[in-house]
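1. okay, here's the prediction I keep looking at, along with the sequence it came from:
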There are 2 protein chains.
Amino acid sequence: MTDLLEDCRRTHYSKQIKPEMKDEDVVIMGWIHEMRDLGGIIFVLLRDRDGVTQVTAPSKKIEPELFEELKKLKKESVIAVKGRVQESAKAPGGVEIIPETIKLLSESKLPLPLDTTEKVRAEIDTRLDSRFIDLRKHSVSAIFKVKSRMLHSVRNFLESENYTEINTPKLVGSATEGGTELFPITYFEREAFLGQSPQLYKQMMMASGFDNVYEIAPIFRAEEHDTLRHLNEVISIDVETAFTDQIDAMNILEKMVVKAITDVKEHCKDALDTLEFDLQIPETPFPRIEYDEMVEMVNNKGVKMEHGEDMSRAAEKVMGELMDGYYFITAWPTDIKPFYVQPSAEDPAKSCAFDLMYKDLEISSGAMRIHNHDLLVEKIKSKGLNPDSFNRYLAAFEYGMPPHAGWGVGAERFTMTMTGQTNIRETVLFPRDRRRLTP
Amino acid sequence: MTDLLEDCRRTHYSKQIKPEMKDEDVVIMGWIHEMRDLGGIIFVLLRDRDGVTQVTAPSKKIEPELFEELKKLKKESVIAVKGRVQESAKAPGGVEIIPETIKLLSESKLPLPLDTTEKVRAEIDTRLDSRFIDLRKHSVSAIFKVKSRMLHSVRNFLESENYTEINTPKLVGSATEGGTELFPITYFEREAFLGQSPQLYKQMMMASGFDNVYEIAPIFRAEEHDTLRHLNEVISIDVETAFTDQIDAMNILEKMVVKAITDVKEHCKDALDTLEFDLQIPETPFPRIEYDEMVEMVNNKGVKMEHGEDMSRAAEKVMGELMDGYYFITAWPTDIKPFYVQPSAEDPAKSCAFDLMYKDLEISSGAMRIHNHDLLVEKIKSKGLNPDSFNRYLAAFEYGMPPHAGWGVGAERFTMTMTGQTNIRETVLFPRDRRRLTP
């Protein structure tokens, strides 16, 4: 028996086999989820991407050699089964397969480093060490089916709104935005850094005439946080739009959120059922709370917050209790936002920046940006940064830069809100944090 | 006059304004492409994402203040014009706008670092230094419209074929595949590397039950090449499929190529016209030439190539002359392919690896992979690598690993074939090579 595929190909996934297919020959392929050898009859539960099919082998109905082969099979080995569909009220999906031939494609060692039947709960670190087995659980793969669909929906939405996908470099020559820590790279004989966000690049693109751009790509932050909401490598959904302000930016963002959720609800019913998560489609417009009002709400609940401070975790939690679902916090103090944020025309101490929150979790930050070169230089200086190290970026503001606004959404945090997860590690196949660089 | 947008919003792009819209009020926004002041009449050519509109201001028909404002405008400044549509046989698109108000959103400095009218040709390095201006030329932005559409088509195709998008880490703990040079990163107190390809991760996903996966993401290679076909950061379209072999992999790849080209041809007509590129839809199946035959073809043309060698640039050029369009080179010697490539069952000196070529350019490499753990360990050793440093990867082959195959397509090279470009730098917004890390 060879472990190569040869001419053998899957004809159906588990989910596609219906009682109406009685007496049809099918080829199914997957992992041995469970084996029961009752002496005269062997039951093999074969698991594939979307489900499980029962292979039923009564010794009286099949060839003795085949029965012996079946007896030797081990849990989690990969097999191909050619057989005939039969109705069976007791089997999953109401069908079972009576095998004619089987092919052992890959034998599994035992014991497994991790149980796949969802009966035994393992620690997240044990699960991540053997992620390839952890993902065999439909309750785990469901999260990634939602994430994949969400990303696809987001792209479809942005394309339908006339956005152009761009790819900006992740290798950058100098530490730019300041503040957040960067990972240094050895770039031949020079030092370079990993991009912490495409912010400066997507702004430069605004001077190019592309108008509406988006990028979905990894960003890297060398922050030493150890929380359930941060990782050192995540996927950022970045959008920038010329000839718009922060109101337009919020409008397109909430439209995208609703569109993605609606689409996931429609296309990922099985995954959401597996996760037992009741995904709600939010109504628009999302509530828009000014920073000043938020500070008052937080203080009223007994959590001390000074005007001009960023939100503490405690403040986020208070807001999470007060607000159910998505909401914007707007009109942030200019001083605690990055240099490129446009101050409000009426009151420059307030900015045109906003955060999108889901309960106590920040999903997105955005703003109308400064497009006036001289004001931008002034703001860079006021943050204690050197305008000379921004010369390539600043040049884009000297030869015709339209007003523009944009935002970045954390793809993993957005996935958390769609799947009911509280640990961001659950939404990344191979997460990267301070302690974890493998697998 | 404020440079803020306030309530002013674009109603139409240039391309949307038609002679039938005579007497309608419109708001257009963009860059001043050209200015002609004939004394009693001023012509402003306003350029936006997709085209150019003529603003015609006869001193007799408009307010004197507005006429004075118009006189002061400088080339490449960003303006918003509210005005009335009028038919004009001589103007682009058969229409002109008689302005009622204008708003100067951003004034450009003069002289420009780069000409935008396509009359003066600049060196690629000068252009890349001021990429934001270079991209204002429709002949340059056209390339990125094609690239964006190609990526969108590829994703739509893969989704329709039931592939799941995955995101694998770019920060990796150890130098893996060997051979290609890696960029080292300082990851807190440890050393890490930038992923040179998602190869090992997409293979690990094959053991997870996802079956069909794809990723479109940056890859990083620290090779010191200085050619028109290599960069140190590029976008890779990676696909891996369980329960398939290299024949299936080639079939899905050529199907994707045809689908993407067909889609670009349909949706990017203007961009292709601007590029004056006659994009041809190739026929399938693409020719499949065995390595042995290719070596003979190359030698017959007077370029010396030993059996067992990789293709030299000279050999690629010969093949590019002999083959017009896309073709596969198959059955490569096992010895010159990576350790994870499956040797042929009939003749283990030959492998199940293939390259997809377009004339003299390699677009993709792929193969059926080894899925047998012990054979893989043996191959890793035979390449002089240490299996211990692959322990997390190898674990995925011990607990049920289906046969699988896949490939990676260089998004930039694929874009080159769709736009007639010969320098890969033309297909990257902000290219990264040995010498260039900015902007």
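-> Here it is on my side, so go on. Residues are numbered from 1 along each chain as shown, chains lettered A, B, ... in the order given.
2. helices or strands up against the helix or strand harbouring A:Thr262?
-> Applying DSSP states H and E as the criterion places A:Thr262 in helix A:246-267. Here helix A:246-267 is seen to pack against helix A:138-160, strand A:233-242, strand A:326-330, strand A:353-358, strand A:361-368, strand A:404-410, helix A:411-419 when contacts are counted using 3 or more C-beta pairs under 8 Å, 6 or more residues apart in numbering or on different chains; DSSP states H and E. All C-beta atoms are positioned from the backbone trio N, CA, C, and that covers glycine.
3. distance check, A:Lys72 against B:Tyr399.
-> A:Lys72 sits 17 Å away from B:Tyr399, taking C-beta to C-beta, to the nearest Å as the criterion.
4. which residue, neighbours along the chain excluded, lies closest to the residue in the stretch 251-400 of chain A that chain B sits nearest to?
-> Distances from the stretch 251-400 of chain A to chain B, computed as C-beta to the nearest C-beta, single out A:Arg392 as the nearest residue at 3.6 Å. With C-beta to C-beta, 6 or more residues apart in numbering or on different chains as the criterion, A:Arg392 has its nearest non-adjacent residue at 3.6 Å, and that residue is B:Pro439.
5. ok, that neighbour touching A:Leu394?
-> No: under the criterion of C-beta atoms under 8 Å, B:Pro439 makes no contact with A:Leu394, lying 10.4 Å away.
6. okay if I get the helices and strands packed on helix A:246-267 as JSON lines plus mean pLDDT, mean neighbour count and distance to chain B?
-> Converted to JSON lines, the helices and strands packed on helix A:246-267 look like this (pLDDT from 0 to 100; neighbours: other C-beta atoms under 10 Å in any protein chain shown; distance: least, C-beta to the nearest C-beta, whole Å):
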{"stretch": "helix A:138-160", "mean pLDDT": "97", "mean neighbour count": "21", "distance to chain B": "4"}
{"stretch": "strand A:233-242", "mean pLDDT": "98", "mean neighbour count": "24", "distance to chain B": "5"}
{"stretch": "strand A:326-330", "mean pLDDT": "98", "mean neighbour count": "22", "distance to chain B": "17"}
{"stretch": "strand A:353-358", "mean pLDDT": "98", "mean neighbour count": "24", "distance to chain B": "16"}
{"stretch": "strand A:361-368", "mean pLDDT": "98", "mean neighbour count": "22", "distance to chain B": "8"}
{"stretch": "strand A:404-410", "mean pLDDT": "98", "mean neighbour count": "25", "distance to chain B": "9"}
{"stretch": "helix A:411-419", "mean pLDDT": "98", "mean neighbour count": "23", "distance to chain B": "8"}
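7. tell me the pLDDT at A:Ser130?
-> Confidence per residue is given as pLDDT, and for A:Ser130 that number is 96.
8. about what we covered before: who's more crowded, B:Pro439 and A:Leu394?
-> B:Pro439 (21 against 18; other C-beta atoms under 10 Å in any protein chain shown).
9. and A:Gly93, helix, strand or coil?
-> helix (DSSP: H, G, I helix; E, B strand; the rest coil).
10. A:Lys72 and B:Tyr399: which has the busier surroundings?
-> Ranked by neighbour count (other C-beta under 10 Å), A:Lys72 and B:Tyr399 place B:Tyr399 first, with 28 against 9.
11. the more buried one and B:Glu6, how far apart?
-> 63 Å.
12. show me what contacts the nearest residue to A:Ile289 once chain neighbours are set aside?
-> Nearest-residue entry for A:Ile289: A:Ile329, 5.5 Å, with adjacent residues in sequence omitted and distances by C-beta to C-beta, 6+ apart. Contacts of A:Ile329 were listed using C-beta atoms under 8 Å, 6 or more residues apart in numbering or on different chains, and they are A:289-291, A:294, A:319, A:354-355, A:357.
13. from the residues you listed, which is closest to A:Asp335?
-> Comparing these against A:Asp335 with C-beta to C-beta places A:Tyr291 closest, at 11.5 Å.
14. contact partners for A:Ser14?
-> Neighbour list for A:Ser14: A:28, A:30, A:46-48, A:50-53, A:92-93 [criterion: C-beta under 8 Å, 6+ apart].
15. in JSON lines: the residues you listed, plus pLDDT.
-> Converted to JSON lines, these look like this (pLDDT from 0 to 100):
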{"residue": "A:Ile28", "pLDDT": "98"}
{"residue": "A:Gly30", "pLDDT": "98"}
{"residue": "A:Leu46", "pLDDT": "97"}
{"residue": "A:Arg47", "pLDDT": "97"}
{"residue": "A:Asp48", "pLDDT": "96"}
{"residue": "A:Asp50", "pLDDT": "87"}
{"residue": "A:Gly51", "pLDDT": "93"}
{"residue": "A:Val52", "pLDDT": "96"}
{"residue": "A:Thr53", "pLDDT": "97"}
{"residue": "A:Pro92", "pLDDT": "91"}
{"residue": "A:Gly93", "pLDDT": "92"}
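16. wait, A:Pro287 touches A:Met319, no?
-> No: checked against C-beta under 8 Å, the pair A:Pro287 and A:Met319 is beyond contact range at 10.9 Å.
17. tell me which of those two has more neighbours.
-> For the pair A:Pro287 and A:Met319, the greater number of neighbours falls to A:Met319 (22 against 13), based on other C-beta under 10 Å.
18. surely that one is within a helix?
-> Yes: when classified by three-state DSSP, A:Met319 is found to be part of a helix.
19. can you show me the helices along chain A?
-> Using DSSP state H, the helices assigned to chain A run over residues A:64-72, A:124-129, A:131-134, A:138-160, A:199-206, A:246-267, A:269-275, A:291-300, A:313-322, A:373-382, A:391-395, A:411-419.
20. now find how far off-centre the fifth one is within its chain.
-> Going back to what we said before, that points to helix A:199-206. Relative to its chain's centre, helix A:199-206 lies at 24 Å (C-alpha atoms, centre = their mean, to the nearest Å).
21. and what of the shortest one?
-> Once both centres are worked out by C-alpha atoms, centre = their mean, helix A:131-134 turns out to sit 17 Å from its chain's centre.
22. that one packs against which elements?
-> Using 3+ C-beta pairs under 8 Å, 6+ apart as the contact test, the elements touching helix A:131-134 are helix B:199-206.
23. show residues contacting the helix it packs on.
-> Around helix B:199-206, the neighbours that count as contacts under C-beta under 8 Å, 6+ apart are A:131-132, A:135, A:429-430, A:439, B:166, B:168-169, B:176-177, B:195, B:213, B:215, B:238-240, B:242, B:338, B:340, B:369, B:371, B:390, B:392-393, B:396, B:401-402, B:404, B:406, B:408.
24. ok, which residues in the stretch 251-400 of chain A are in contact with chain B?
-> Residues of the stretch 251-400 of chain A lying close to chain B by C-beta under 8 Å from any C-beta of the partner chain are A:345, A:371-372, A:392-393, A:395-400.
25. all set, thanks.
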